[in-house]
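Engineer: Could you work out the structure for the sequence below:
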Amino acid sequence: MEQTDEKAAEVTDSTPGPMPLNAGNTGYDSMPAPGLSGSVGGSESAPLLIPEPEPVKQWRPMSRQELEAAAGGPGWRKVRCYLVLLFWLAWVAMLATSIAIIVKSPRPEAKPLKWWQKSLFYQLQPDMFMEAQTEGSKGINALCEQLPYLRSLGIGALILEGLFDKEASPLNLTVTGERLGTLPQIEHLLRESSKAGLKVVLDFCELALLGPQDVAGEPSQPSETTLLVWRGVFKEFSSEDNERIVVVKQTRDILPPLNNSSQINVTLVDLVMRSILPTSPLLLSTEEVADAIETHLQTGGGDIWPSWTVGGKASHDLKNLLLVLMMTLPGSPVIRYDEEMDQTRNVSLRLASSNGEQNSKRPDSDADKEKMKRSAVALFTSLSHSRAREEALLYGSFTFLPFNASSNSTPSSPPILAFLRSWGCVHFLILLNVGPEFHALDPAWAPSLPEAGVFVTSTGMDRLGSTSLYTLELRPHEAIVIKLFEAGSYS
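Structural biologist: Reported below is the predicted structural model:
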């Protein structure tokens, strides 16, 4: 037994015991050497392998050779030059193509108009001024004092009636009326009109251009000889700057042809004054006025440049509506003398309104009259300036737009009348409500037109800003002029 225990003790002593925690740990970043972990005295430390930091390179610009090598060689330089040249050539080609498309694209050409085609005519009788007292002047002198004022309203020419007796002829043009003075006074009026920039059209005589009726009872062709005689007289006094014209006024419902002449390159008539409403001793009803307007809108103006007048008698409520109609139809409008346009009467009215002692009985009536006069002058000025400024209203195309009103209107009331004046991409829509009731537009009345627009003017001079045709409602006896535009294009 003793021998066995001694062997066990030897085995125990020869067997290595557990390693202590700090065996071979002689310091940080050291590790025991291989084969020395069993003996404390035989342990040593070995350093860890840490990569050395690379040296920092300082930036320096590349040389030409290095740049060429990085860019792929000197051949790339030519390629880049060719690409830049190709870009600019393509840009110039696109620019030239765009200009060619704009130049060659179809567009409306401006028509060269004569002075009477661009002018707004104002028809009056100088004897109306006989009763007007303006600093002791009367008659023709009173008219001369108003010429600058009429020119400021946009009027370009005057049509003077009653200066000559009805028996005037091409052989005797000096037969003046007895009430209006002598020929020197008429010459003074012409000189003052020229200073104010106004043309003057003289109403010489009344001639029946229709000859005797034929067997069938139809009137024959107009007297070509009479027109040629007057044409020769006016040509004698005409010049390139001051061209004399022959104006014929329509007095019958059917106008015979006036542009037929047996002579070549001879125009018998320059301007034809047509009446919108038929002649009647009584006031026309709203239905008759609506039918007459619709008839003229559907038939057009004919071959000769038209000139529009009101003609027949209509209700005072339709006065501003007919003014809007004449100023927007193709042709030259002729506006008859109106007391609301008379400057002397407006001045006297303002003086009377400002005197409270003399007008204590009816101040409201005078104030309303003055307000109406100002509104009439504002409407007239707005229409005349718009016509002179907008090409579409001056010589644009004309399109009649027949459509029905919405279902909330009375069937017995006249429908809304409308037409379009266009020039290029500019469109003006004119709406006329002749009836005495409100009318709203049907959303499907003209689907090809733009929905939005901006008010140009109206008979009440109270519509401003943009509008939508789908929500527009016309008042009784109202006329509206709208400049249409695409949605989002107006600023």
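
Engineer: Bridged to Ile482, which residues?
Structural biologist: Leu429, Phe455 (DSSP bridges).

Engineer: Go ahead and confirm it touches Leu431.
Structural biologist: Yes: the criterion here is Cβ atoms under 8 Å, and Ile482 meets it with Leu431 at 7.1 Å. Backbone N, C-alpha and C define where each C-beta goes, glycine included.

Engineer: These two: who's more crowded?
Structural biologist: The neighbour comparison of Ile482 against Leu431 (other Cβ atoms under 10 Å) goes to Ile482, with 24 against 21.

Engineer: and the gap between the more buried one and Leu449?
Structural biologist: For Ile482, the distance to Leu449 equals 10 Å [Cβ to Cβ, to the nearest Å].

Engineer: Quick check: neighbours shared by these two?
Structural biologist: Listed as contacting both Ile482 and Leu449 by Cβ atoms under 8 Å, 6 or more residues apart in numbering are 429, 469.

Engineer: now the helix or strand encompassing Gln65: mean pLDDT?
Structural biologist: Using DSSP states H and E, Gln65 sits within helix 64-70. When pLDDT is averaged along helix 64-70, the result is 75.

Engineer: can you pull up the bridge partners for Val201?
Structural biologist: Beta bridges link Val201 to Ile159, judged by DSSP bridges.

Engineer: What is the burial count for it?
Structural biologist: Neighbour number of Val201 under other Cβ under 10 Å is 20.

Engineer: Please look at it and Ile159 and confirm they touch.
Structural biologist: Yes: using Cβ under 8 Å, Val201 is in contact with Ile159, at 4.6 Å.

Engineer: Between those two, which contacts overlap?
Structural biologist: Residues touching both Val201 and Ile159 (Cβ under 8 Å, 6+ apart): 121, 247.

Engineer: For Ala352, give me the pLDDT.
Structural biologist: Value listed for Ala352 in the pLDDT field: 41.

Engineer: for the stretch 201-350 of the chain, what spans make up the helices?
Structural biologist: 224-236, 286-299, 319-328, 343-354 (DSSP state H, counting those that start in this stretch).

Engineer: Which parts of the longest one count as buried, going by neighbours?
Structural biologist: Using 16 or more other Cβ atoms under 10 Å as the test for burial, helix 286-299 gives 286, 288-290, 292-294, 296-297.

Engineer: How about residues contacting it?
Structural biologist: Helix 286-299 is contacted from outside by 274, 276-278, 284, 312, 314-315, 318, 325, 329, 400, 414-415, 417, 419, 432, 434-436, using Cβ under 8 Å, 6+ apart.

Engineer: same check, this time on stretch 383-402
Structural biologist: Applying Cβ under 8 Å, 6+ apart, the external contacts of stretch 383-402 come out as 110-111, 113, 117-118, 120, 153-155, 297-298, 300, 323-324, 327-330, 418-424, 426-429, 445-446, 456-457, 481.

Engineer: cool, stretch 100-112 as well?
Structural biologist: Stretch 100-112 is contacted from outside by 391, 395, 423-424, using Cβ under 8 Å, 6+ apart.

Engineer: Narrow these to just the buried residues.
Structural biologist: Buried members of the contacts of stretch 100-112, scored by 16+ other Cβ under 10 Å, are 395, 423.

Engineer: And the contacts of stretch 100-112, which is closest to Ala93?
Structural biologist: Relative to Ala93, the closest of the contacts of stretch 100-112 is Gly424; by Cβ to Cβ it sits at 28.0 Å.

Engineer: didn't His439 look like it was pressed against Ala479?
Structural biologist: No: counting by Cβ under 8 Å, Ala479 is not a contact partner of His439; they are 12.0 Å apart.

Engineer: any shared contact partners between those two?
Structural biologist: Counting by Cβ under 8 Å, 6+ apart, the shared contacts of His439 and Ala479 are Asn433.

Engineer: Show me where the stretch 301-450 of the chain has its strands.
Structural biologist: Here the stretch 301-450 of the chain has its strands, by DSSP state E, counting those that start in this stretch, at 306-311, 332-336, 397-400, 417-423, 426-433, 439-440.

Engineer: what about the longest one, average pLDDT?
Structural biologist: If I follow you right, that is strand 426-433. For strand 426-433, the per-residue pLDDT averages 92.

Engineer: Just the CA coordinates for that strand, please, in PDB.
Structural biologist: Once non-C-alpha atoms are left out, strand 426-433 reads as follows in PDB (Å, rounded to 0.1, in the frame of the first residue of the first chain):
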ATOM      1  CA  VAL A 426     -58.300  87.000 -80.300                       C
ATOM      2  CA  HIS A 427     -62.100  86.600 -79.900                       C
ATOM      3  CA  PHE A 428     -64.700  89.100 -78.800                       C
ATOM      4  CA  LEU A 429     -68.100  87.800 -77.800                       C
ATOM      5  CA  ILE A 430     -71.100  90.200 -77.900                       C
ATOM      6  CA  LEU A 431     -74.200  89.200 -76.100                       C
ATOM      7  CA  LEU A 432     -77.600  91.000 -76.500                       C
ATOM      8  CA  ASN A 433     -80.600  90.500 -74.300                       C
END
